[in-house]
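S.K.: what follows is a protein structure lacking sequence information:
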C-alpha cells in the first residue's frame, strides 16, 4: 500500500504549484527486473505497478498532464513498450473512474518501439483511485495486469 501511496503522490504532484504537470521520478520499483524493454522515461512519466506474476508482456508508464479533479474529465497518457511488437490488446477497468476508451489495440511499429495512448478519465469521487490495465496477447493465453494509482482532488462538477 505504501508503494501505491508514493506513486499517487508522485503522479499527482505539481511542478509549479499551480496544478501543472504530474509526477516525476522513478516509480520503477514495481517493474524492476521485467523482461520487457523499458519505455522512454520522460521526467513526467511514472511506471505502472505490475500486479500479475510471470514475465510481463509490456512495460506501462503513465503521465498525468494536469491535476485530476473529481467530477471533471482529465487526460491520462499511457506509454507501452513490448518486445513482442504486435498482437497485444489492452483493457482498462476501474471502479472509481469513468474511462474512455476502455480498450485499445496495441500495434507497435517495431518490437521495442514505444507507443502512447491518450485516455480521458473522470474520478467519480475525491480520493485515491486505481486504473487496472490488462494486457493480453492475441495468440496465447498470456496476460499481464498493471495498476495506475491516482488521487482525485475535490472539485466542482463540470457544467
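M.R.: Received, thanks. Just so you know, these numbers come straight off a predicted model, no measurement behind them.
S.K.: where in the protein is pLDDT low?
M.R.: Residues of the chain that meet the criterion pLDDT under 70 lie in 1-43, 85, 156-159.
S.K.: swap in 80 and give it another go.
M.R.: By pLDDT under 80, the low-scoring segments of the chain are 1-43, 84-87, 108-112, 138-141, 155-159.
S.K.: what ranges do the strands span in the chain?
M.R.: Per DSSP state E, the chain carries strands over the ranges 46-47, 49-50, 59-63, 74-81, 88-93, 97-100, 103-106, 115-123, 127-137, 143-152.
S.K.: export those strands as CSV, with columns for mean neighbour count.
M.R.: C-beta coordinates here come from the backbone N, C-alpha and C atoms, glycine included. Formatted as CSV, the strands of the chain follow (neighbours: other Cβ atoms under 10 Å):
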stretch, mean neighbour count
strand 46-47, 26
strand 49-50, 21
strand 59-63, 25
strand 74-81, 21
strand 88-93, 18
strand 97-100, 16
strand 103-106, 16
strand 115-123, 17
strand 127-137, 19
strand 143-152, 22
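S.K.: hey, what's residue 132 bridged with?
M.R.: For residue 132, the beta-bridge partners are residue 93, residue 147 (DSSP bridges).
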